[in-house]
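Undergrad: Predicted model, plus sequence, below.
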Amino acid sequence: MAATSVVVLDRGNNTTCTINLHGATVVSWRVNNQEQLFVSKQAVFDGKKPIRGGIPFVFPQFGPWTFGPQHGFARIIRWNLEKAPERLASGDVEAIFSLMDTDFTRSMWNYSFRLTYRLILREKELHFNIAIYNPSKDLTFSFNMLLHTYFKVPDVRRCQITGLHGSTFVDKTREGAMYQEGRDVVTICEWTDRIYQNTPQEHIITNVVSGRKMRIQKYNFPDTVVWNPWIDKAKEMSDFGDDEYPNMICIEAGHVSSPVILLPGTAFEASQILQIKVAIKETKKNMLDVWKKQFNRDKWLMRHNDRHIFFQSQWQRTEGPSIYYLVYRLMVTLYLAGTWLLTVIDPKNFDKSQEFRSKWLIYLTNWGYSICMVQSLICTICVGTWIIHGNKVNDNGTRGPPLIKYTYKLYWTCNTIAVDIAFGITVLYWALIYDRKTMNLDAQNVFVHGTNSIVMFVELCVVKHPVYFVHFYWTIFFGMVYCIFSVIYFAAGGTSRTDDPYIYNVLDWRNGGKTTAICLAVLVFLIILHCFSWCISLLRIHIHKKIYEKKSTTSHNKSNNELRGIENTAMTNLPV
Ligand SMILES: O=P(O)(O)OC[C@H]1O[C@@H](O)[C@H](O)[C@@H](O)[C@@H]1O
């Protein structure tokens, strides 16, 4: 396993989750670049002390411990990365961590165990699935377990916590006295350290980052600990800033008031989901943000975090390259290259003069054909190379062949132009250029000015990479290059294949004013066509998300039902 001590789950859109292998502590959860977790500025990362903040993993003891450190050993030892971050078909990213007994753990707690900790990063959610297995043939052990989540908040005094009404709690600030919560929502305005028992499966915390709500769902974690050290206790902690207490709240899901008792050969599972709730007001603001984001620097510069998606299909189920996608790519490329060759060779006009035949180069349709073919060729070569190279992780931590890194922008540019221009050629030809009196409506004409649009529409629905709104500038650039070419060609005395002094009748530069106006109108029309491509790409991503989110919710519910089953029987015979 790599020596790095930090693992990053990157879902794109600046949504990431960072886990420090020291204690498998989640040290950051960013959603659209907004940090959701609190980590103290004084936190120590020496690989010895527990990390002050994020989500430390408390096991096998909650609170002070006669045989070892407070809150057990799991948060102060290095975990293994069982499965490196992997993108699921839904677009979510998962990683699995594990911890097994060692001489060190046995010196405090003489049992063998195997803990697996699976994290899944979704668009606005973070899922935690925990399983612990007792491999012993004869020894039963008992333990506490808790996710010590530090939420980042602008002001803890403004947070309200739901789901605690009616629960009994141990108040550690009052020598462990027991009380019953009478408030519908719990607020914090002093040192708070309570273990609420048998709480419901859901809590909402209001006024977390950006005034949002955070939803906590927990399964097989009957207790909820609420903690804030306030002024005096904050001062007592060396790894916590004196003035940081208003900016954090710990709401900790756990199994702590009574131990979990695990019989030999059995397993215990528990899970938690953190979900950001977005208010309607914020949705409107988000729409504005979405628009603003369309114009950010990275988008102009065609930067994308995940280059692999340019050589994948939206619909493939595999994480790496897909052989099915390669077959599709080969078919499209063969078709485009074949028809392109056919227009170059042009068998119908084989007997015509060299000059006539070389005028192939002046028509926009043929420019469009060429770029469609080139983009498909680049993509096919990259997918093929990736399959040959394999999806193994390279020494520098990247996956796939270096070719992907260097070609994705070129491919993306060509693809953007090809899609818009293909649609443009079809619409403009039939609307402006086709003249039924002088032109034939034969199969070749329909084929040349129609099928490319269909192929490129299919491409839009099949590929995985997005179309960005700002990239209309590529299509405009291509259109302008063609307009300028037509002016130069005209000025140089060039003529069409039918010896007219223009390439297309609408590009007749003898009437410069009118033709300039037409060119400008066409450029605006190309922006509209680009919007169409953008919408199709968004629709594709949306449909994909709907289908796979549904599937993954179903499987999550299934696993939660299983967990509830475990809750009823206390434990099961699940081998891990
Ligand atoms: O300082 P530690 O060991 O990380 O613990 C922080 C707090 O964690 C909470 O879970 C406990 O209820 C508190 O009593 C404790 O002070």
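TA: Received it, and whenever you're ready, just let me know what you need.
Undergrad: what about whichever residue of the stretch 151-300 of the chain sits closest to the ligand, which helix or strand?
TA: Closest residue of the stretch 151-300 of the chain to the ligand, CB to the nearest ligand atom: residue 227 (4.3 Å). Where C-beta positions appear, they are placed from N, C-alpha and C, glycine not excepted. If you go by DSSP states H and E, residue 227 is part of strand 223-228.
Undergrad: So what are the sheet partners of that strand and their directions?
TA: strand 192-196 (antiparallel), strand 248-262 (antiparallel) (DSSP bridges).
Undergrad: what's the spacing between the closest residue to residue 88 other than its chain neighbours and residue 85?
TA: Closest residue in space to residue 88, ignoring its immediate chain neighbours: residue 94 at 6.1 Å, by CB to CB, 6 or more residues apart in numbering. From residue 94 across to residue 85, the span is 7 Å (CB to CB, to the nearest Å).
Undergrad: okay, and the common contacts of those two?
TA: Shared contacts of residue 94 and residue 85 (CB atoms under 8 Å, 6 or more residues apart in numbering): residue 9.
Undergrad: Tell me, please, where in the stretch 451-576 of the chain the pLDDT is lower than the cut-off.
TA: Low-confidence segments of the stretch 451-576 of the chain (pLDDT under 70): 549-576.
Undergrad: roughly how far out does stretch 103-111 sit from the chain middle?
TA: 39 Å (CA atoms, centre = their mean, to the nearest Å).
Undergrad: which stretches of the stretch 251-400 of the chain form strands?
TA: 267-277 (DSSP state E, counting those that start in this stretch).
Undergrad: what does it have sitting close to the ligand?
TA: Within reach of the ligand by CB under 6 Å from any ligand atom, the stretch 251-400 of the chain has these residues: residue 252.
Undergrad: Please apply the same query to the stretch 101-250 of the chain.
TA: Within reach of the ligand by CB under 6 Å from any ligand atom, the stretch 101-250 of the chain has these residues: 148, 172, 193, 225, 227.
Undergrad: Which one (most neighbours) among those residues?
TA: Comparing those by number of neighbours (other CB atoms under 10 Å), residue 225 comes first, having 27 neighbours.
Undergrad: who's the residue of the stretch 151-300 of the chain closest to the ligand bridged to?
TA: As for beta bridges, residue 227 partners with residue 193, residue 250 under DSSP bridges.
Undergrad: correct me, but residue 142 touches residue 262?
TA: Yes - using CB atoms under 8 Å, residue 142 makes contact with residue 262 at a distance of 7.0 Å.
Undergrad: Between those two, which has more neighbouring residues?
TA: residue 262 (22 against 11).
Undergrad: so which residue of the stretch 51-200 of the chain comes closest to the ligand?
TA: Proximity of the stretch 51-200 of the chain to the ligand (CB to the nearest ligand atom) peaks at residue 70, 4.3 Å away.
Undergrad: That residue contacts residue 63, doesn't it?
TA: Yes - at 6.5 Å, residue 70 counts as touching residue 63 under the criterion of CB under 8 Å.
Undergrad: What ranges does the protein have for its helices?
TA: 103-108, 230-236, 280-294, 297-300, 323-345, 354-358, 364-389, 402-428, 443-448, 451-462, 472-491, 512-569 (DSSP state H).
Undergrad: and the third one, average pLDDT?
TA: So that's helix 280-294. Model confidence over helix 280-294 averages 72 on the pLDDT scale.
Undergrad: go on, the fourth one?
TA: When pLDDT is averaged along helix 297-300, the result is 88.
Undergrad: burial count for the residue nearest to residue 514 when sequence neighbours are not counted?
TA: If the residues on either side of it in the chain are set aside, residue 514 comes closest to residue 508, at 7.9 Å by CB to CB, 6+ apart. By other CB under 10 Å, the residues close to residue 508 number 17.
Undergrad: now residue 87
TA: Here the number of neighbours of residue 87 (other CB under 10 Å) works out to 20.
Undergrad: separation between residue 62 and residue 49?
TA: With CB to CB as the criterion, residue 62 and residue 49 are 18 Å apart.
Undergrad: out of the two, which sits in the more crowded spot?
TA: residue 62 (24 against 16).
Undergrad: Quick one: residues contacting the more buried one.
TA: When contacts are taken as CB under 8 Å, 6+ apart, residue 62 is in contact with 71, 72, 144, 145, 146, 225, 254, 256.
Undergrad: Give me the phi and psi angles of it.
TA: phi -110, psi 130 (degrees, to the nearest 10).
Undergrad: who's in contact with the nearest residue to residue 307 once chain neighbours are set aside?
TA: Sequence neighbours aside, residue 408 is the residue nearest to residue 307 in space, at 4.5 Å (criterion: CB to CB, 6+ apart). Going by CB under 8 Å, 6+ apart, residue 408 touches 304, 307, 310, 311, 382.
Undergrad: All set, thanks.
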